[in-house]
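Visitor: Fold the following, please.
(chains A and B)
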Amino acid sequence: MKIAAHHPIVWFARRIFSGVVVVWAAATFAFLIQCVLPGDRAQIIINATSGNVGVASSAELAAINAKYGFDQPLAVQYGKYILRILHGDFGESYQQHRPVAGIIAEQIGPTIILAVTALLFAWIIAVLTTLFIAGRDNMWAKLLNDTQVFFATAPPYWLATILLVVFAVKLRIFPVIGGSSPAGLILPTLALALELSGFFGQVVQNEFTRVLEQPFVTSARARGMSDFGVRLRHVLRHAALPGISLSGWALGKLLSGAILIEVVFARQGLGGVLVAATSSRDVPIVSGAVLVSAGLFVLVSLIVDLTYRVVDPRIRLT
Amino acid sequence: MKVALLVLLGLSQLPSSIHAQEGVAGSVKRGGVIRYGHFQEPACLFGGWVQQWYLQRQYSDNLVARSEDGKIVPWLAESWTISDDKKIYTFEIKPNVKFTDGTSLDAQAIADNINGWLSSAPDLRNPTAAPYLSDSFESATAIAPLKLQVTLKVPFQPLLNVFAQSSQGILSPSALKRGLAVNCENPVGSGPFIVDKWRHGREVTFRRNPDYNSAPATAKHQGPAYIDGISWKFLPDQTVRYGSFIAGETDAIYDIPAIAWKEANSRFPLLRHITGGTPLRLALYTARPPFDDVLVRKAFAYSTDRKAAVDTSFLGSLPFEGNGALSQSSPEYLPELGQSYTYDIRKANQLLDQAGWTERNPSGVRVKNGNPLIVRVSYSNAFLKPDGEQALQVIQQQARAAGFDVRLQPTNPADFFAGKNLGPDDYEIVLLYWVAPGAEIFRISWKPDQKGETNRFNPSRYQDLTLWDIIQRAEQELNGAQRVALYQQAERKIVDEAPVIGLTVLDVTLATKPNLKDVWLDRGSVGEPVFYDAYFDDGK
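Guide: Numbering: from 1, shown residues only, chains lettered A, B, ... in the order given. Below you'll find the model as predicted:
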């Protein structure tokens, strides 16, 4: 029995089940939120479309209520909503009059690219700085460490604006409107990655310093391995573990952070669409995005756990 | 004319070669794509919201056009006659015009559009046309292939003004049958540009309509546009929008940030249109205390130095407007009302004493029958530029001296559209505007509640049957000068009764590169940029 519980297939099935529960909870949450938020839904659809405020005529309201099924009991609406999701149908945007699945599919690519590049960048910066400063006590180490703390606490939105003004508007090194060009990816990536690299850097560095004092490090050095070689081949592998488990959380954070950054840099992606959808309360788009994010998050944590096992085979899948 | 004065052209910094442009052959002007940086991205490429009109202006034509001095001139209608009782309009439609999907643009196509606006079909209904026309419109019919007849139940003289607004641009009826999902994305008109592709979150690309033959009389040329197309980018962030222009990544941008207004003025050609209709004004809730008393409304107006508030907040990029009834680019505008209720704290105190608000509580707020003089201001950044909030804070401080306890209720757009802070007991003041060419906006703002139907566009809840009578008489007045006189009578009455107090205007500003010539702002209603006549003078 105990062996069966640790069998990879059982582990996998349990993970899938809990993933489904997470996504279902997110869907239910998104549904409930729109019912709890103040204001009549038909009213918002009419006013946000026409740019007016005030109570619409009862005939207009009735037409919208019938079109979107708001006149049905909540339980029926919820049932239909869940059924549609099971068929992969996220409904139609109240404002854009297009299927939400299509809108998200069209926009999510650039957002994922930005989030993943930022994660890579954050790792590269964190690993490089750690290799050089951990366990050392000189001016550069102190300076880099302080910089890391600064980036970890600087709001990415603010950082993005500074980067934009300095490197694009003033120095003209990068385009102001990045679009989807590779050159346009650099500033938004940096704006997101710098903050995260500060976090990773601090976590990895603490672990790194601890591992440096372990006996196996001393024995490796005694075997004549160079300092850099020890750091790279032995210590980093151990020190990276807490960072890897943080990556799942980080990717979630990056996806939400990317939304603001995309708006700053006028990049295509979920950001602009979500901001617009939120300010006109285009619920199908917002709940669709919540669902997709929940799904992605489940997927990423699965990948992180698998990676963890590869990096340190002693870890059991539990 | 007043309107002409408001077109602000910063020409001082232009190279001297600009004057040699006269007589350049059309072929020299050809080519190039205008990279235009706009502010907001709408959810659909046509419809009733201002942000949609800007786009619609590029790909669709209207029945008639409105010139800078407010005259109605030919567009798709080459000429028209109006019956003596002003109830039947007969339009002669320009021959050989086609929508870009190949459908003929004839009287039937236009009739289908107009009847659709007033119908209840969600795909066809027009939220801008309906409130203007629903009381007077009877039918639109094609009485011959190129003869359109619009019949009214009662005369409505602003009819042609309404037809000239971009939101009433004529769309291909055969394309409209495809439904909103397709048409929002890929609308079809007969205009100088064709919607090519909408990359959501980034840009809409337009390409030239090579067969364009239906330019309005307000245009500078006829035939197809000079440029190959427009890359209409959405750049919501001010730093990016203005930065992209400075860096040369855009050829024209919309809405210059207040902070850059001075610099932009000295460096680039600027276009500006102050929109007509109602200015950005404070609508005072007149259906209950304290603003059911006209003395208190006036006292509030006198207690606030709104000019100073506007000047300090918008850094000179927007003018003060004291006329709460009508914006300064409307033909019926009375300039002397623009300086109404200039700051006078002595008068404000006098009026409040007279209205019975004689006591003050320990914190200096006036009290009457035990009720403190609290004034809640509802507003949303959907209707107020970012610097506007500061203007409200200044007003809040100033009114305090007269004994008003002003409380600001900022509301996010979604909640605002949902009605938060807008219920009958939720506010004393709300900040709104409605753009239109001129005084025909009075119908929308001041129509009293009828047959149990509340006029939702009257947040002042001010219902004055005498005023409504004047407005209706103006709409039906056949003599132009007398109609203006009636509208001005209404305008005086509104300012005098102070159900609304003027603050500032809504403007459209555009900065263009010096090598980009002949971009202009439409005067139909909201100053949409028109790229049809534009060209690059360096053959870009």
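Visitor: you'd agree residue B:377 is in a strand?
Guide: Yes: counting by DSSP: H, G, I helix; E, B strand; the rest coil, residue B:377 is part of a strand.
Visitor: which strand residues sit across from it in the sheet?
Guide: residue B:408, residue B:429 (DSSP bridges).
Visitor: List the residues that contact it.
Guide: Contact analysis of residue B:377 by C-beta atoms under 8 Å, 6 or more residues apart in numbering or on different chains lists B:282, B:392, B:396, B:406-409, B:427-431. C-beta coordinates here come from the backbone N, C-alpha and C atoms, glycine included.
Visitor: now swap in residue B:118 and tell me
Guide: B:125-126, B:129-130, B:133-134, B:137.
Visitor: hmm, which of the residues you listed are the buried ones?
Guide: Buried residues within the contacts of residue B:118, counting neighbours by 16 or more other C-beta atoms under 10 Å in any protein chain shown: B:125-126, B:129-130, B:133, B:137.
Visitor: Output the set of residues of the stretch 201-318 of chain A in proximity to chain B.
Guide: When proximity is defined as C-beta under 8 Å from any C-beta of the partner chain, the stretch 201-318 of chain A approaches chain B at A:262-269, A:271-273, A:275-276, A:278-282.
Visitor: What is the subsequent helix or strand relative to the longest helix along chain A?
Guide: For chain A, the helix with the greatest residue count under DSSP state H is helix A:100-133. Sequence order places helix A:139-153 as the next helix or strand after helix A:100-133, per DSSP states H and E.
Visitor: In that following helix, which residues are buried?
Guide: Those would be A:141, A:144-145, A:148, A:151-152, for helix A:139-153 by 16+ other C-beta under 10 Å.
Visitor: Next one: the closest residue to chain A within the stretch 301-450 of chain B from residue A:42, what distance?
Guide: Of all residues in the stretch 301-450 of chain B, residue B:418 sits closest to chain A, at 2.4 Å by C-beta to the nearest C-beta. For residue B:418, the distance to residue A:42 equals 10 Å [C-beta to C-beta, to the nearest Å].
Visitor: next one: residue B:177
Guide: Taking C-beta to C-beta, one finds residue B:177 at 25 Å from residue A:42.
Visitor: Show me which of these two is the more surrounded one.
Guide: In terms of neighbours (other C-beta atoms under 10 Å in any protein chain shown), residue A:42 is the more surrounded of residue B:177 and residue A:42; the figures are 21 against 12.
Visitor: For the more buried one, give me its contacts.
Guide: Contacts of residue A:42 (C-beta under 8 Å, 6+ apart): A:56, A:60-61, A:64-65, A:68, A:70.
Visitor: rerun at 6 Å
Guide: By C-beta atoms under 6 Å, 6 or more residues apart in numbering or on different chains, the contact set of residue A:42 is A:61, A:64-65, A:70.
Visitor: do you know how far it is from chain B?
Guide: 10 Å (C-beta to the nearest C-beta, to the nearest Å).
Visitor: Test for you: state the pLDDT assigned to that residue.
Guide: pLDDT recorded at residue A:42 is 87.
Visitor: how about the nearest residue to it, chain neighbours excluded?
Guide: residue A:64 (3.8 Å; C-beta to C-beta, 6 or more residues apart in numbering or on different chains).
Visitor: just checking, the one you found touches residue A:45?
Guide: Yes: using C-beta atoms under 6 Å, residue A:64 is in contact with residue A:45, at 5.4 Å.
Visitor: Could you check which of those two is surrounded by more residues?
Guide: residue A:45 (25 against 21).
Visitor: Give me the distance from the strand or helix carrying the more buried one to the chain's centre.
Guide: Element membership for residue A:45 (DSSP H and E) is helix A:41-50. Put simply, helix A:41-50 sits 30 Å off its chain's centre (C-alpha atoms, centre = their mean, to the nearest Å).
Visitor: likewise stretch A:52-71?
Guide: For stretch A:52-71 - counting by C-alpha atoms, centre = their mean - the centre lies 36 Å from the chain centre.
Visitor: Could you give the backbone dihedrals for the residue of chain A found nearest chain B?
Guide: Across chain A, no residue is closer to chain B than residue A:39, which sits at 2.4 Å (C-beta to the nearest C-beta). Note on residue A:39: its backbone torsions stand at phi 100, psi 150 [degrees, to the nearest 10].
Visitor: Quick check: pLDDT value at it.
Guide: 78.
Visitor: Count the neighbours of it for me.
Guide: Neighbours of residue A:39 (other C-beta under 10 Å): 17.
Visitor: If we ignore the residues flanking it in sequence, what's nearest it?
Guide: residue B:418 (2.4 Å).
Visitor: Likewise for residue B:491?
Guide: residue B:325 (4.6 Å).
Visitor: wait, isn't that neighbour in contact with residue B:490?
Guide: No: using C-beta under 6 Å, residue B:325 is not in contact with residue B:490; the gap is 7.6 Å.
Visitor: Of these two, which one has the most company?
Guide: The neighbour comparison of residue B:325 against residue B:490 (other C-beta under 10 Å) goes to residue B:325, with 32 against 25.
Visitor: so what's the more buried one up against?
Guide: B:491, B:494-495.
Visitor: Near chain A, which residues of the stretch 101-250 of chain B are found?
Guide: Within the stretch 101-250 of chain B, the positions near chain A by C-beta under 6 Å from any C-beta of the partner chain are B:127, B:180-181, B:184, B:201-202, B:235, B:237, B:240, B:243-244, B:247, B:249.
Visitor: Point out where chain B drops to low pLDDT.
Guide: B:1-28, B:539-540 (pLDDT under 70).
Visitor: For it, list the residue farthest from the centre, please.
Guide: Farthest-out residue of chain B from its mean C-alpha position, per C-alpha atoms, centre = their mean: residue B:362, at 44.7 Å.
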